[in-house]
Each structure stands twice: as structure tokens, then as C-alpha cells.
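Participant: everything below, folded, please.
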Amino acid sequence: MPLYPILSALLGYPEQDLVDALPEIDAALAEWPQARHLLAPVTDMLRGEALIALQENYVATFDRNPAHSLHLFEHVHGESRDRGQAMVDLIDEYRRDGFEPAASELPDYVPLFLEFLGALAADGNDARAEQLLGEAIHVLAAIGDRLARNQSPYAGVFAVLRTLTDVQPQPQQEPPVRDMDEALETFGPGADGVEPLLAPHTGPQAVTFYPRGTAPVPTHC
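Facilitator: A predicted model of the protein is given here:
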């Protein structure tokens, strides 16, 4: 069983179904001892706290702290025009590989991205999944580092992701400063006033997890 679906589930908003699935998750992690060790803080937290406390912690960790946002391109493009195009390109990437993303989530939501990698791995496309993870690991590692500095149990999920690629994460640049007027014009208003709009584009583009002109030099362990 690929690790990606487990990591995706652990990063999702805590619901009773996730708590009920913890014994199954523990059993699946038996074949991944290093991952099981790294994930112990988050699985222990999910087992040991009331559901309402888990949900409040999740919102405080990811929704109220932009540094921990689970939307990949928010860390790359901020709310610049490039973010909308990047999300369109990522949806195209999903669909080219036969994966239809849930309409309820933006395509750069980390649990959705990991679900996609899990689907690739389950279809025998492990190399493709690892390639895409390697391209995104710079952003994922930066999120994990911030979580670790704040002693969040969720940091373990990102620590596991680092073990699944040979690509050495490179430092992330700060995303562009949010321009509210431009964001509203480009993406349209949403629940928070700045919901990215998947704008029209001229055709399939390569997905990149870094700002234009700042691609990191690949470094392998």
C-alpha cells in the first residue's frame, strides 16, 4: 500500500471517520517503520484528544496561520496572477493522468495532491509520483519546517514526505505580497473575499512549484 493515501488522510480535517480508521492506519504503517515513528506524534494526538479539540487545533494550525497553509501555490505565488494559472495547470496535470480532483477543494490543497500521488502509485506509476513529489518537496519541506518550529505534531507528515524523494529541498523565497484589488480582479471574490478563479489559458502548461525564473537547481542526496 502506498504511503501517500495515509499521509493525505492524516492531513485532512479531522472527522470521526479518520479517528475510527486509526487502527487500520497503524496496521498499514507496520510495513513502514520509519514513517510510523515519524507519524507517532500525529497519530497519538488523533487517538488521545476529543474530536472537537482536534478540529479546533486543525483550524488554528492550518486555516488561521498562512505560514502553515495547506495550499501549495499560496507559498509560491501568494495571491498574484500566477497562482490562478498554476492551479489550472495542476488540474490539467491531474486529468492527463486520469485523476478527477474533488470540486470541493482547490487543486493545490496538499491532501488532494497526495491523494493524486497515491493514485499514480497504485496504478504502478511510482516513478511519476516520485517525480512530482520531488518537484513539490521544496514547498512541502518549508511548510514542515515551520510546523516543526511550532512543535506541531503535523510536522511528522512532512518529515515522511522528505524520505520519499531523493531531491534535496531548497530554501523557499517569500511569495508576492497580496494585492487585494488585483486578486479580486483576477480570481474573483470567495468566502474570504479572495478566492482564486481558475482563469482561461492558452493550453496545457508544465506545473511548477516555484515562482517564474527561480527554479531551484536539482540536488540529490
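
Participant: okay, helices next: where are they in the chain?
Facilitator: With DSSP state H, the ranges of helices along the chain come out as 4-11, 16-20, 22-28, 33-48, 51-58, 72-77, 81-96, 110-122, 126-149, 155-163, 180-187.

Participant: contacts for the third one, please.
Facilitator: Contacts of helix 22-28 with the rest of the structure, by C-beta atoms under 8 Å, 6 or more residues apart in numbering, involve 1, 6, 9-10, 36, 43, 46-47. Backbone N, C-alpha and C define where each C-beta goes, glycine included.

Participant: closest to residue 134 out of those?
Facilitator: residue 6 (19.4 Å; C-beta to C-beta).

Participant: would you mind finding the most buried of the helices of the chain?
Facilitator: Burial of these is given as mean neighbour count (mean count of other C-beta atoms under 10 Å); helix 72-77 ranks first at a mean of 24.

Participant: now the helices of the chain in TSV, with mean pLDDT and distance to residue 171?
Facilitator: Formatted as TSV, the helices of the chain follow (pLDDT from 0 to 100; distance: least, C-beta to C-beta, whole Å):
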stretch	mean pLDDT	distance to residue 171
helix 4-11	97	23
helix 16-20	97	33
helix 22-28	96	32
helix 33-48	97	22
helix 51-58	98	27
helix 72-77	83	12
helix 81-96	85	19
helix 110-122	96	19
helix 126-149	95	8
helix 155-163	98	14
helix 180-187	44	26
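
Participant: just to check, residue 111 is in contact with residue 14?
Facilitator: No. Using C-beta atoms under 8 Å, residue 111 is not in contact with residue 14, being 11.9 Å away.

Participant: what residue lies at the spatial centre of the protein?
Facilitator: Nearest residue to the geometric centre of the chain (C-alpha atoms, centre = their mean): residue 110, 1.9 Å.

Participant: relative to residue 170, how far out is it?
Facilitator: 18 Å (C-beta to C-beta, to the nearest Å).

Participant: one more: residue 2?
Facilitator: Distance from residue 2 to residue 170, by C-beta to C-beta: 25 Å.

Participant: re the thing from before, what's the closest non-adjacent residue to the residue nearest to the centre of the chain?
Facilitator: Closest residue to residue 110 apart from its sequence neighbours, by C-beta to C-beta, 6 or more residues apart in numbering: residue 70 at 4.4 Å.

Participant: and residue 146, by the same measure?
Facilitator: Closest residue to residue 146 apart from its sequence neighbours, by C-beta to C-beta, 6+ apart: residue 67 at 4.9 Å.

Participant: and for that neighbour, the neighbour number?
Facilitator: Burial of residue 67 is recorded as 14 neighbouring residues (other C-beta atoms under 10 Å).

Participant: how about residue 94, what does it touch?
Facilitator: Residue 94 is in contact with 100-101, 107, 116, counting by C-beta under 8 Å, 6+ apart.

Participant: before we move on, what about residue 5?
Facilitator: 114-115, 118.

Participant: phi and psi next, for residue 102.
Facilitator: Note on residue 102: backbone dihedrals following degrees, to the nearest 10 are phi -60, psi 130.

Participant: so what's residue 86 closest to, chain neighbours aside?
Facilitator: Leaving out its chain neighbours, the residue that sits closest to residue 86 by C-beta to C-beta, 6+ apart is residue 73, at 4.8 Å.
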